[in-house]
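> With the sequence up front, the predicted model follows.
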Amino acid sequence: MELTVQRAERVEGIVKAPPSKSYSHRAFILASLAEGESIVRDALYSEDTLASIASCMSLGSEFNRKSEDECVINGFGCSPHTPNDVLDVKNSGTTLRIMTSVSALAPGFTVFTGDDSLRQRPMQDLLDSLHNLGVNAYSTKNDGKAPLIVKGGFKGGKTSIDGNVSSQFVSSILIASPCSEEGVDLEVRGEFISRPYVDMTLDIMKKFGVKVDCNENRNSFHVEPQKYEKRDYTVEGDYSSASYLVAAASILESDLLVQNLFSDSKQGDILILDVLQRMGCDLKLKKDEVKINGHGRLGGVDVDLHNAPDLLPTVAALGALSHGTTKIYGVEHARYKETDRIHTCALELSKLGVSLEEKRDGLVIHGGRSEIHGGVVNSHNDHRLVMALYLIGLKVGNVKIENASVYDVSFPGFPETMKKICRTRT
């Protein structure tokens with residue numbers, strides 16, 4: 001699918017932020033790990049989260065979507081079944097990483113695979129850490145990547161893991177640990193990237209009745225054997241997806257209200273609001289909504305995305321459309337996302353006339369240049385790159401994005417939402 005974006009004049013209206021993808025994954029999985037019937041409300045049903053649902057159902061949980069906003073889940077508790085078939089998690093790295101640990105609770109063998117991109121994502125650190133807990137899991141090609149085979153058995157004990165590859169490894173072990181035989185002591189070694197995602201994991205584990213003890217530095221965790229409890233849980237709005245809405249309002253004249261964004265959210269991508277304010281955008285954050293009155297004039301800033309790597313494409317697009325230089329750093333781990341996001345952002349933005357430099361851990365963008373223009377760009381099968389390139393199109397017009405339908409991974413209906421709030425020139 002090709003998506004052509006034309007220049008817009010103004011952004012206005014009231015829109016509800018899409019549900020959090022990260023919380024939706026975790027809610028579906030934790031409801032499956034609970035015994036009895038849980039209700040998950042206002043969740044995101046995208047390609048990624050549907051992969052988690054399918055994996056949980058293969059392990060024995062039952063999902064009954066009563067309405068658009070309500071899903072009833074009958075969980076398997078700490079005793080999942082052995083799947084009847086290979087689990088294809090498509091492009092969902094979150095599903096692969098979390099369910100690798102969860103599947104170790106099932107007897108027999110569980111096999112995971114996914115698309116070409118997913119099969120390039122590193123998994124060895126998680127496999128090694130799980131080995132210390134009595135889990136026999138390995139890569140079929142012995143290269144530390146999917147396809148993976150996981151043998152049932154999660155004894156527990158002590159383990160450690162490097163914190164500089166993926167916070168999802170930490171979340172994966174923590175989520176399965178309450179169902180271990182002996183409990184788990186987990187230490188995160190060295191630099192701890194994307195820590196807010198682990199904070200989100202601890203937050204929802206607590207809401208489903210599980211206690212996790214951690215040290216003062218929040219890099220050492222102790223989990224006793226215990227049971228998840230059934231819950232009625234409502235998913236909050238997603239700051240990652242909402243970043244494209246508030247960014248669009250900041251690069252144009254605007255009067256936009258984005259609902260379902262909580263001021264006390266543990267999502268690391270709430271950082272987008274601070275970035276926009278430092279760039280000069282007029283926005284106000286209330287208890288559960290954000291108000292933006294944009295004037296279309298932004299200035300470059302230095303941004304450390306160490307704890308919010310998913311914001312890289314959004315901030316890169318904002319930097320391109322701002323006056324002055326924007327430096328994005330601390331985000332080398334974005335090279336191991338759906339694509340090498342640092343490189344693909346640099347490659348595709350340069351096709352539109354953006355002047356930039358690719359660094360090991362980020363980008364230096366020389367924004368506000370008159371040379372920025374429309375053109376043909378490619379998504380590289382990365383949903384976040386599609387939505388970031390869309391922002392450039394709103395400002396300069398005539399941007400054609402090839403293979404654009406991958407926005408469904410995290411933001412189904414993204415073009416329709418943007419058309420609803422964007423006023424084109426007449």
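It's in. Numbers count the residues shown, from 1 in each chain.
> so where is the stretch 251-400 of the chain shaky, pLDDT-wise?
For the stretch 251-400 of the chain, applying pLDDT under 70 flags no range at all.
> per-domain residue ranges of the protein.
As given by automatic domain parsing, the domain ranges for the chain are 3-18+237-424, 21-234.
> His209 - how many residues pack around it?
I think there's a mix-up here, since residue 209 is Gly and not His. Neighbourhood size, Gly209 [other CB atoms under 10 Å]: 15. In short, each C-beta sits where N, CA and C put it, glycine included.
> Name the nearest residue to it, ignoring sequence neighbours.
Glu229 (3.3 Å; CB to CB, 6 or more residues apart in numbering).
> Could you pull up the contacting residues of Gly190?
If you count contacts by CB atoms under 8 Å, 6 or more residues apart in numbering, Gly190 has them with 162-164.
> top of those by neighbour count?
Gly163 (21 neighbours).
> can you pull the contacts of that residue?
Counting by CB under 8 Å, 6+ apart, Gly163 has contacts 170, 188-193, 219.
> before we move on, what about Asp88?
With CB under 8 Å, 6+ apart, Asp88 has these contacts: 51, 113-114.
> Most neighbours out of those residues, which is it?
Neighbour max across the contacts of Asp88 (other CB under 10 Å) = Ala51, 25 neighbours.
> Name the surrounding residues that touch the strand or helix carrying that residue.
Counting by DSSP states H and E, the element that carries Ala51 is helix 47-58. Identification of contacts with helix 47-58 by CB under 8 Å, 6+ apart yields 21, 24-25, 28-29, 32, 43, 63, 73, 83-85, 87-92, 94-95, 98-99, 103, 408-410.
> got the contacts of Gly190 as a markdown table, with secondary structure, distance to Val198 and pLDDT columns?
Output for these, formatted as a markdown table (DSSP: H, G, I helix; E, B strand; the rest coil; distance: CB to CB, whole Å; pLDDT from 0 to 100):
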| residue | secondary structure | distance to Val198 | pLDDT |
| --- | --- | --- | --- |
| Asp162 | strand | 14 | 96 |
| Gly163 | coil | 9 | 94 |
| Asn164 | coil | 13 | 91 |
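> count of neighbours near Lys400?
If we define neighbours as other CB under 10 Å, then Lys400 has 16 of them.
> do the same with Ser241
So Ser241, with other CB under 10 Å, has 26 neighbours.
> what packs against the one helix or strand it maps to?
Here Ser241 sits within helix 239-251, counting by DSSP H and E. Secondary-structure packing of helix 239-251 (3 or more CB pairs under 8 Å, 6 or more residues apart in numbering; DSSP states H and E): strand 8-16, helix 21-33, strand 253-259, helix 271-279, strand 289-293, helix 312-320, helix 383-396, helix 414-421.
> Which of the contacts of Gly163 sits closest to Asn293?
Ile193 (34.0 Å; CB to CB).
> distance of the closest one from Ser167?
Here the criterion is CB to CB, to the nearest Å. By it, Ile193 lies 6 Å from Ser167.
> who's in contact with Ile270?
239, 261.
> What separation do you get for it and Leu105?
33 Å.
> can you pull out the strands in the stretch 101-250 of the chain?
109-113, 136-139, 148-151, 157-162, 184-189, 213-214, 220-223, 228-229, 232-234 (DSSP state E, counting those that start in this stretch).
> So what's the gap between stretch 285-303 and the chain middle?
21 Å (CA atoms, centre = their mean, to the nearest Å).
> Before I go, just wanted to say thanks for your time.
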